[in-house]
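>>> Let's see this in three dimensions:
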Amino acid sequence: MTSPIQQFLAGDFKWLHGALGDLGDRTTTALERQRVIVDDSSSKWAVVPTDARGRAVQWWLVADDNESERRGREVVNAFFGPAIVSILPHEAAPSRPLLGNVLRLKVQDNLAGFLAALELMTSVRASVPSLRREAPDPIGFLLRDFYLALDRRDDHASDELLSRIAGTGLVASENLRFLRVDRLARLERWRELGDLPWFDDLARARRPMRISEHLLEAMWILNFDDAAVATDPQRASQAFERAELGTKYAVLLRSIDVPSSAPGRRLALLFAHLSGDASRVERIINAASMEERGLLDRLAGREREAPVSIKRSTVDTARDMFEDGLYEDVIALAEVEQAPALVSIAVRAAFELNDPRLAKRVVQLIAAFDPAELPNSPGFARILAAVRRLADNSCASWSEWLNRVASDEKWLDAAEIARDLSGTWDINELASSSTAKSAADRLLVGFEGVNRREVRAVFDLLCQVAGKLVSRPAGDRFVDAVLLVLASDENPSVLVRTAFFDLLMEALANGPSGDRYKDMLATTQSLWTRVRSREATPWILDVLDGLAAHPSSNEDARRTLVATIVSSSYDFAPRLTRDERVLFEAIGRECGVAVALPPIEAPPTTQSADLWQNLNGKLIGIYSLIDGMGSRLANRLAVLCSKVRVEQNSDTVASAALRALAVNADFLIVDTKHATHAATIAIDAVRSRDRQLFPAGGGISSFIARLREELESL
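Residues are numbered from 1 along each chain as shown. This is a model prediction of the structure:
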């Protein structure tokens, strides 16, 4: 069925040649391209003209529905801006009453500039690939950005994205609870996590392994003082028994045999010790680092005698274990005894634990028995099917995970498995050149294959792995593959671009080779070509400033990149803020590029000439673990305001200097991506979060943009 917009664009626009003269041909070409664009179901809006009967041509934003109108507004505002066009309230288009949503565009006295922006907007829209029928739905992008926001410890963005995820109605309430726990744990807001009204219910319910890990870590942090425990381990046992943790949370405490986090291991070991489970105590201690074992040994109180038990049948013992939540012990007993009655209990134990590794062991047990020997009830059949699916999801390493997502078979649980199990995977395997190359190839294949949605959903985990490998030359191929995947994503949101920036800066800090440096510049240019817009300017300025701050092994290539990006920004340069223009010019000077941007045509009223003078005599504090950020920010601000002071603190603990800066600074920028939990807690204790400035990105441009926003709000 042809939409009203398609019918309108199919009309005759020859009258534009007479109405617009030399600009008529260009206008009709832009309309022809829009005619093709609106054939895509995701692009049901257009910018169109109407004949105003002897007066100037009138322009309209027309859309088939409210959602298309919203998208159209966003794109028009991004490409045109108030200096070229303003969007007026809803108004009927007199010559086309049948069109859907209609907004009039008031064009300023710059028709040539309007047409240039229209051509650019149309060109960009036409270059976007058509969405495939199997393309991921928006919830996949929201989840991707949610976890990327958590990776940056971005409180505001993660909260907003979680609200949007909940608003889609596509995520069940139970899974929303899991996402809320993920958020609070990744932000290290343990008190809020412990105060959740359904914390106890979740501790008793089936849940992903990562959620169990978060709950265990929260319980230790909220109930035990690490310093006091290290001095007097006996106090830990007293606190554990006083809080009745073993009684209230027995199922949770047994859910993961050896937790991956240090707080989780301490809590599990304490429970195992007080329960008389010497074998589990031994497993936990053996899995810990040498530095951690001393404390665990003291917590274990090795002199404790094993309780005397009355001999019972193995089936009764297995049932008691199951009732007590000793699910892994049930499976181990079934493996030893090889009895059908024990195997059926082991199946239920694997189901309760929701652990693919244990499910795989149970499925191997089942293979040795005739199905007729196992229960045939519908309930057991459903549990057995779930356990078989869990076993299929068993995965022991990143290499194995990448091999599977790169196959032609869809793996619907790939992202969930990576989130649950990757904490136990050894990344040292990727530090081998041959393994890193194979993993990189598999990642690129998987990103283009049937499991691309699952790969996208774990961008944050891939960035974490790449961040650990970036200082190890043998892992370069894998790091470069992650950068390429981020740059090639079909929907490179702000958070995807920020993740690209963070990883790129880590790679630059470790001194890439000449060829690798050139490749990274090319990847940067490719991503900018896809996202080039006024809205993406702060991000590209962060990237360029970072490149200027690091030694270059190929100054010609860097100079070419800077020159290309500057020239590609000319069309929206009149809408740049003063600080953005100053930053472009400073980067150009440092990289040997002459920057001469078009003048600002109509500065927004919020950009008063004295805006930056409000910083005169002020102290700007910056907390970041990145060396040199304070001095670089001071150099950039000196051009805008010569009498401002900048002081950086990079302490990893709650030092007196950090607290003093948090109290005394007139403006305090906190770089949450590069911060320690102890330091941010210290800052929060002396300065409320609404008086802290949290930049959207990790570079100087983002820091300055956040300062500008604060100055404009004063």
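>>> make it CA atoms for all contacts and neighbour counts henceforth
Fine.
>>> which stretches of the stretch 351-500 of the chain form helices?
356-366, 378-392, 398-405, 414-421, 433-448, 452-456, 459-469, 476-488, 494-509 (DSSP state H, counting those that start in this stretch).
>>> Just give me the residue closest to the centre of the protein.
Leu148 (0.6 Å; CA atoms, centre = their mean).
>>> Which helix or strand contains it?
helix 138-151 (DSSP states H and E).
>>> Pull out the buried residues from that helix.
By neighbour count on 16 or more other CA atoms under 10 Å, the buried set for helix 138-151 is 139-151.
>>> okay, the angle between it and helix 494-509?
Relative orientation of helix 138-151 and helix 494-509, computed by axes from the mean of the first three to the mean of the last three CA atoms, to 10 degrees: 40 degrees.
>>> Tell me the first helix or strand C-terminal of helix 138-151.
Assigned by DSSP H and E, the successor of helix 138-151 is helix 155-168.
>>> Which secondary structure elements does that following helix sit against?
helix 138-151, helix 173-186 (3 or more CA pairs under 8 Å, 6 or more residues apart in numbering; DSSP states H and E).
>>> Pull the contacting residues for the residue nearest to the centre of the chain.
Going by CA atoms under 8 Å, 6 or more residues apart in numbering, Leu148 touches 459-460, 495-496, 499.
>>> I'd like to know which of those is nearest to Asn77.
Taking CA to CA as the measure, Asn77 lies nearest Leu495 of the contacts of Leu148, at 20.7 Å.
>>> Considering the contacts of Leu148, which possesses the most neighbours?
Ala499 (26 neighbours; other CA atoms under 10 Å).
>>> related to what we said a few turns ago, now the buried residues of helix 138-151 in TSV, with distance to Ser701 and pLDDT?
Converted to TSV, the buried residues of helix 138-151 look like this (distance: CA to CA, whole Å; pLDDT from 0 to 100):
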residue	distance to Ser701	pLDDT
Ile139	30	86
Gly140	29	85
Phe141	25	87
Leu142	25	89
Leu143	27	90
Arg144	24	90
Asp145	21	91
Phe146	23	93
Tyr147	23	92
Leu148	20	90
Ala149	19	90
Leu150	21	90
Asp151	20	88
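>>> How is this protein partitioned into domains?
4-127, 186-300, 314-392, 612-713 (automatic domain parsing).
>>> Please tabulate those domains in JSON lines, including the columns mean pLDDT, mean neighbour count and distance to Glu174.
Listed next are the domains of the chain as JSON lines, based on pLDDT from 0 to 100; neighbours: other CA atoms under 10 Å; distance: least, CA to CA, whole Å:
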{"stretch": "domain 4-127", "mean pLDDT": "76", "mean neighbour count": "16", "distance to Glu174": "29"}
{"stretch": "domain 186-300", "mean pLDDT": "87", "mean neighbour count": "18", "distance to Glu174": "9"}
{"stretch": "domain 314-392", "mean pLDDT": "82", "mean neighbour count": "18", "distance to Glu174": "15"}
{"stretch": "domain 612-713", "mean pLDDT": "91", "mean neighbour count": "18", "distance to Glu174": "28"}
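>>> between those domains, which one is nearest to Trp411?
domain 314-392 (9.6 Å).
>>> quick one: that closest one to chain centroid distance?
Averaging C-alpha positions (CA atoms, centre = their mean, to the nearest Å) puts domain 314-392 37 Å from its chain's average.
>>> Check stretch 290-302 too.
The answer for stretch 290-302 is 36 Å, by CA atoms, centre = their mean.
>>> do stretch 21-33 as well
41 Å.
>>> i'd like the first residue to be 20 from this point on
Sure, I'll start counting at 20 from here, so that last one is stretch 40-52.
>>> For it, output the C-alpha coordinates as CSV.
Extracted in CSV, the C-alpha atoms of stretch 40-52 (Å, rounded to 0.1, in the frame of the first residue of the first chain):
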residue,chain,number,x,y,z
GLY,A,40,16.0,29.2,-10.6
ASP,A,41,19.5,27.7,-10.5
LEU,A,42,18.7,25.8,-7.3
GLY,A,43,15.8,24.0,-8.9
ASP,A,44,17.8,21.1,-10.4
ARG,A,45,19.5,20.4,-7.1
THR,A,46,16.2,20.5,-5.2
THR,A,47,14.5,18.0,-7.5
THR,A,48,17.5,15.7,-7.3
ALA,A,49,17.2,15.7,-3.4
LEU,A,50,13.4,15.0,-3.7
GLU,A,51,14.1,12.1,-6.1
ARG,A,52,16.5,10.6,-3.5
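>>> Pull the residues that contact that stretch.
In contact with stretch 40-52 (CA under 8 Å, 6+ apart) are residues 28, 32-33, 35-37, 67, 131, 134, 137-138, 141-142, 145.
>>> how about 6 Å then?
For stretch 40-52, the surrounding residues in contact (CA atoms under 6 Å, 6 or more residues apart in numbering) are 35-36, 138.
>>> Serialize the helices of the stretch 370-519 of the chain to a markdown table and add fields for distance to Val248.
Listed next are the helices of the stretch 370-519 of the chain as a markdown table, based on distance: least, CA to CA, whole Å:
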| stretch | distance to Val248 |
| --- | --- |
| helix 375-385 | 33 |
| helix 397-411 | 38 |
| helix 417-424 | 35 |
| helix 433-440 | 29 |
| helix 452-467 | 41 |
| helix 471-475 | 41 |
| helix 478-488 | 31 |
| helix 495-507 | 40 |
| helix 513-528 | 36 |
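>>> Of those, which is nearest Leu345?
Of these, nearest to Leu345 by CA to CA is helix 375-385, at 12.7 Å.
>>> Which strands and helices lie in contact with the closest one?
The contact analysis (3 or more CA pairs under 6 Å, 6 or more residues apart in numbering; DSSP states H and E) places helix 375-385 against helix 397-411.
>>> Go ahead and produce CSV holding the CA coordinates of the helix it packs on.
Below are the C-alpha coordinates for helix 397-411, written out as CSV (Å, rounded to 0.1, in the frame of the first residue of the first chain):
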residue,chain,number,x,y,z
PRO,A,397,5.9,-34.4,32.4
GLY,A,398,7.5,-32.3,35.1
PHE,A,399,10.8,-34.3,35.0
ALA,A,400,10.7,-34.2,31.2
ARG,A,401,10.6,-30.4,31.2
ILE,A,402,13.4,-30.2,33.7
LEU,A,403,15.5,-32.7,31.7
ALA,A,404,15.0,-30.7,28.5
ALA,A,405,16.1,-27.5,30.3
VAL,A,406,19.2,-29.3,31.6
ARG,A,407,20.1,-30.6,28.1
ARG,A,408,19.8,-27.0,26.8
LEU,A,409,22.1,-25.8,29.7
ALA,A,410,24.6,-28.5,28.7
ASP,A,411,24.6,-27.3,25.1
